[in-house]
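Q: 3D, please:
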Amino acid sequence: MSRSRQPPLVTGISPNEGIPWTKVTIRGENLGTGPTDLIGLTICGHNCLLTAEWMSASKIVCRVGQAKNDKGDIIVTTKSGGRGTSTVSFKLLKPEKIGILDQSAVWVDEMNYYDMRTDRNKGIPPLSLRPANPLGIEIEKSKFSQKDLEMLFHGMSADFTSENFSAAWYLIENHSNTSFEQLKMAVANLKRQANKKSEGSLAYVKGGLSTFFEAQDALSAIHQKLEADGTEKVEGSMTQKLENVLNRASNTADTLFQEVLGRKDKADSTRNALNVLQRFKFLFNLPLNIERNIQKGDYDVVINDYEKAKSLFGKTEVQVFKKYYAEVETRIEALRELLLDKLLETPSTLHDQKRYIRYLSDLHTPGDPAWQCIGAQHKWILQLMHSCKEGYVKDLKANPGLHSPMLDLDNDTRPSMLGHLSQTASLKRGSSFQSGRDDTWRYKTPHRVAFVEKLTKLVLSQLPNFWKLWISYVNGSLFSETAEKSGQIERSKNVRQRQNDFKKMIQEVMHSLVKLARGALLPLSIRDGEAKQYGGWEVKCELSGQWLAHAIQTVRLTHESLTALEIPNDLLQTIQDLILDLRVRCVMVTLQHTAEEIKRLAEKEDWIVDNEGLTSLPCQFEQCIVCSLQSLKGVLECKPGEASVFQQPKTQEEVCQLSINIMQVFIYCLEQLSTKPDADIDTTHLSVDVSSPDLFGSIHEDFSLTSEQRLLIVLSNCCFLERHTFLNIAEHFEKHNFQGIEKITQVSMASLKELDQRLFENYIELKADPIVGSLEPGIYAGYFDWKDCLPPTGVRNYLKEALVNIIAVHAEVFTVSKELVPRVLSKVVEAVSEELSRLMQCVSSFSRNGALQARLEICALRDTVAVYLTPESKSSFKQALEALPQLSSGADKKLLEELLNKFKSSMHLQLTCFQAASSTMMKT
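A: Model prediction:
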């Protein structure tokens, strides 16, 4: 035998004393290179090699056998080191004898517990079934996580005692960093272990050879005795006698110890029952524990205990276990019902809903609790929406005047704009238009608008959680990991079938939201059959444009919030349609309301004119329209995904017609102002500049405006409207993307020009007719005869009177508007020249003096108003002169010139107005 290594040395044993067959661990040095190297092991002189298990060069595990010596050394013998020595000893204790009535207990290894949920063997098998290191080389644990290895080797195990043992898993877990040379050594160790098992029976025989001989001698002696006994008579044989003695001893013992043994059996039964209760107290206490944990709300603990009991006793055949497990199932069923009731309770938070769904999933509740929760949440949202509407309708009927600002918009209690203007000077063009309505209406929210705000807030508070619950249902996050492993996630496979149902739910919520909003804001847009369900507001007044714009903003914010949830656009299309209808209606109502405001502008006319002959009315008109369009700016603006308000031809036509109506309403106001009786005009607020008799010679002593003066002021306003205001309004319409602006402008301009022409003709008629009517009586005053008259000495008084009247017209027009002077005077001159031409043409004949007198007066009038002559008036003067005989002598011409100069000199002051206007372009 080669002794290249040191002999074995035992330095420790644990425990160091015990009865026979005690399991001990021997530690020391050079205890062998492997299982095959160990060839001998004695403790207290008894050969223990048969139970020895070599663990490493410093550790051996075995059991102590029967020995004669009470104390002895531990001797290890190896092939490589030979017989060893020991520095420690083992004390062998004698087992105590147990009497019949003495209590006794032994340690029995319990059955291994196999966990069905984790697929892991938590028990430790006996020593002979699980070697600590079967390869015989150093173990180096890998850094791979157990979870990753389980996923990599699904259904396999690293336990080499398992039927599903995976060698690759074992090597990765314990020898991932081991070198190839060490693995080769491990293979050699495995081969030696296999050889050892085959040689085990022979070694066992060698070690117990003396025992076999002793047994053989005893059996041989018994055999000889029995053969000798068989030759004797049967009645007196030794065997028969022995049997009789044993039977009598047994009967006597039974008689003596029957009561004692009965008590022992009863005690054993009680002890066994207590042991069973102690060992399985988890199951027996579980029903009560479930009740207590349910009351405390510790549902997780209940579910974990239930899973454990199900894995241990779910398939038991023991009746008592079945009974208690059935009681557990009863408690769990009650818990399922309780959790389902809590899940379907409303209101509830999304967190609680997910929690209850996971609990029910872990408890394997039949059906689909998650979908039941989605359905209940859907019904609750619809119920909330309709309850909200009913509450507001009931409140409106109980308090009809509590929030009714719209009733104040058009009544007579609003503050008068006329009174406001009476305290101010003239409004400058371009100044801000001041609305006369009290702004407190903005803080009185109508019931219908408040309802829409509350309705949208309600939807936005509930729908996000409802949508998130559906998303969690789709992606499976509602179910716990345990539910996934146990196959509960299979329920999510019917998501495709549920998608259409959920889409209908969302559509129904959107449909109800839109219908309820339409019933409140656009009652005419819902069908008669739906009026009771979605309407019922019973209000006669319509919401103003401001409140509709506010409602539009509310609905827009709702749409943006729902879009942020990634709800498909096709489900939100009904909201887009509602927004478009609200925008169209808001434009219509605002334009109608603007027309009403403009209709009342006539009451606000203060008749205070500025330097250009304008009142504040055109400016107020323009500012009123600008303010209305400005209030529609947000409504007309298209948000992402919205269509233009004017996309429908019908809408374009209606808006165009309303815009034209606004312009025509103002034109009608001007006409009403121009024809208003003098008694209806309040001039107590007029400034001195307007009512001064120095400016208006025809003004009455009470400083009231005449109808002619009002005509002039309205005409001046019409001119400004035509040149500036209407064009500015058209630009504002175009800026806000109105359609049909050209048509609006054309129709408005045509109506304005028609009014202007009609008023102008009325004024000319009022002013020119008296002057024209005075010509003929003036010419023939004093029985004047063109055939028999004195030589002319100057222009007669009738012509001077006509000129003074024309000058008065000039002064009246000039005071109001300088720009109207040429237009008015040219028409007056046309009427006078036409009448004068007619009168001259009616004269049958002229004398020399008569012709000279007529020519003098015609030329004096023509030269005086030359700056206001038009082609028509020039033609009339020409025709008048042609009706006269031509001057025959130079003396007549000289006399005519002298008389004209004399007239112009004497009337110089009166004719100054015509001379001042000579530098101005004449306008027709």
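
Q: so for the residue nearest to the spatial centre of the chain, what's the pLDDT?
A: Among the residues of the chain, the one closest to the centroid is S561, at 2.6 Å (C-alpha atoms, centre = their mean). Residue-level confidence at S561 comes out at 86, pLDDT.

Q: got it, and W470?
A: Reported pLDDT at W470 in the predicted model: 82.

Q: wait, it touches G375, no?
A: No. With contact defined as C-beta atoms under 8 Å, W470 and G375 do not form a contacting pair (11.1 Å). The way it works is simple: take the backbone N, C-alpha and C, and place the C-beta from them, glycine included.

Q: looking at those two, which one has more neighbours?
A: The neighbour count for W470 versus G375, taken as other C-beta atoms under 10 Å, is higher for W470 (23 against 15).

Q: now name the helix or strand holding the more buried one.
A: Using DSSP states H and E, the element containing W470 is helix 447-475.

Q: check the offset of that helix from the chain's centre.
A: 8 Å (C-alpha atoms, centre = their mean, to the nearest Å).

Q: repeat that for stretch 320-330.
A: Distance, stretch centre to chain centre, for stretch 320-330: 50 Å (C-alpha atoms, centre = their mean).

Q: tell me which residues of that stretch come out buried.
A: For stretch 320-330, a neighbour-count test (16 or more other C-beta atoms under 10 Å) marks 321, 324-325, 327-328 as buried.

Q: what's the closest of the residues you listed to T870?
A: Nearest to T870 among the buried residues of stretch 320-330: V328, at 116.5 Å, using C-beta to C-beta.

Q: can you tell me the element that closest one falls in?
A: Counting by DSSP H and E, V328 is found in helix 319-344.

Q: could you give the average pLDDT over that helix?
A: pLDDT averaged over helix 319-344 gives 85.

Q: can you check stretch 618-629 too?
A: Confidence over stretch 618-629 (mean pLDDT, whole number) is 86.

Q: over to stretch 504-517?
A: Taken as a whole, stretch 504-517 carries a mean pLDDT of 86.

Q: contacts for it, please.
A: The contact list for stretch 504-517 (C-beta atoms under 8 Å, 6 or more residues apart in numbering) reads 374-375, 378, 381-382, 385-386, 389, 451-452, 455-456, 459, 463, 467, 526, 530, 533-534, 551, 555, 558, 567, 571-572, 574-575, 577-578.

Q: likewise for stretch 12-24?
A: 25-28, 43, 61-67, 74, 88-95, 127.

Q: mind doing that once more with 6 Å?
A: The contact list for stretch 12-24, computed with C-beta atoms under 6 Å, 6 or more residues apart in numbering, reads 25-27, 63-64, 66, 74, 88, 90-91, 93, 95.

Q: quick check: F213 vs L219, distance?
A: The gap separating F213 from L219 is 11 Å, by C-beta to C-beta, to the nearest Å.

Q: cool, W54 as well?
A: Between W54 and L219 the computed distance is 35 Å (C-beta to C-beta).

Q: next one: E227
A: 13 Å.

Q: repeat for R336
A: Using C-beta to C-beta, R336 is found at 69 Å from L219.

Q: which one's more surrounded, these two?
A: A direct count of neighbours by other C-beta under 10 Å for R336 and L219 places R336 higher, at 17 against 10.

Q: what about the spatially closest residue to that one that is not a sequence neighbour, neighbour count?
A: Nearest in space to R336, with sequence neighbours left out and distances taken as C-beta to C-beta, 6 or more residues apart in numbering, is T365 at 4.9 Å. When neighbours are counted by other C-beta under 10 Å, T365 registers 21.

Q: do the same with P618
A: Neighbourhood size, P618 [other C-beta under 10 Å]: 24.

Q: and I43, by the same measure?
A: Counted with other C-beta under 10 Å, the neighbours of I43 add up to 27.

Q: that one touches G65, doesn't it?
A: No. Counting by C-beta atoms under 6 Å, G65 is not a contact partner of I43; they are 7.5 Å apart.

Q: count residues in the vicinity of L582, would you?
A: For L582, the number of neighbouring residues by other C-beta under 10 Å comes to 25.

Q: likewise E708?
A: 18.

Q: mind listing what it touches?
A: The neighbours of E708, taking C-beta under 6 Å, 6+ apart as the test, are L766.

Q: please, which helix or strand holds it?
A: Per DSSP H and E: E708 is located in helix 707-720.

Q: next SSE downstream of that helix?
A: Once the chain leaves helix 707-720, the next helix or strand it forms, by DSSP H and E, is helix 726-735.

Q: quick one: contacts of that next one?
A: Residues from elsewhere that reach helix 726-735 (C-beta under 6 Å, 6+ apart): 622, 625-626, 629, 741, 745, 748.

Q: among the contacts of stretch 504-517, which are located in helices?
A: 374-375, 378, 381-382, 385-386, 389, 451-452, 455-456, 459, 463, 467, 533-534, 551, 555, 558, 574-575, 577-578 (DSSP state H).

Q: now, of these, which are buried?
A: 374, 378, 381-382, 385, 389, 451-452, 455-456, 459, 463, 467, 534, 551, 555, 558, 574-575, 578.

Q: re earlier: mind giving me the packing neighbours of the helix holding W470?
A: Secondary-structure packing of helix 447-475 (3 or more C-beta pairs under 6 Å, 6 or more residues apart in numbering; DSSP states H and E): helix 369-398, helix 495-521, helix 545-564.

Q: adding distance to A768, write these out as CSV.
A: As requested, the helices and strands packed on helix 447-475 are exported to CSV (distance: least, C-beta to C-beta, whole Å):
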stretch, distance to A768
helix 369-398, 63
helix 495-521, 58
helix 545-564, 47
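
Q: the closest residue to V843 other than its chain neighbours in helix, strand or coil?
A: What sits nearest to V843 in space, not counting adjacent residues and going by C-beta to C-beta, 6+ apart, is W786, at 5.1 Å. W786 falls in the coil class when you classify it by DSSP: H, G, I helix; E, B strand; the rest coil.

Q: dihedrals phi and psi, W786?
A: phi -70, psi -20 (degrees, to the nearest 10).

Q: quick one: neighbours of it, just the number.
A: Neighbourhood size, W786 [other C-beta under 10 Å]: 19.

Q: can you tell me the helix or strand for G12?
A: Element membership for G12 (DSSP H and E) is strand 9-14.

Q: ignore the last one, L825
A: Assigning secondary structure by DSSP H and E places L825 in helix 820-842.

Q: report the buried residues of whatever helix or strand comes next after that helix.
A: Following helix 820-842 in sequence order, the next helix or strand is helix 848-864 (DSSP H and E). For helix 848-864, the neighbour count (16+ other C-beta under 10 Å) marks 849-862, 864 as buried.
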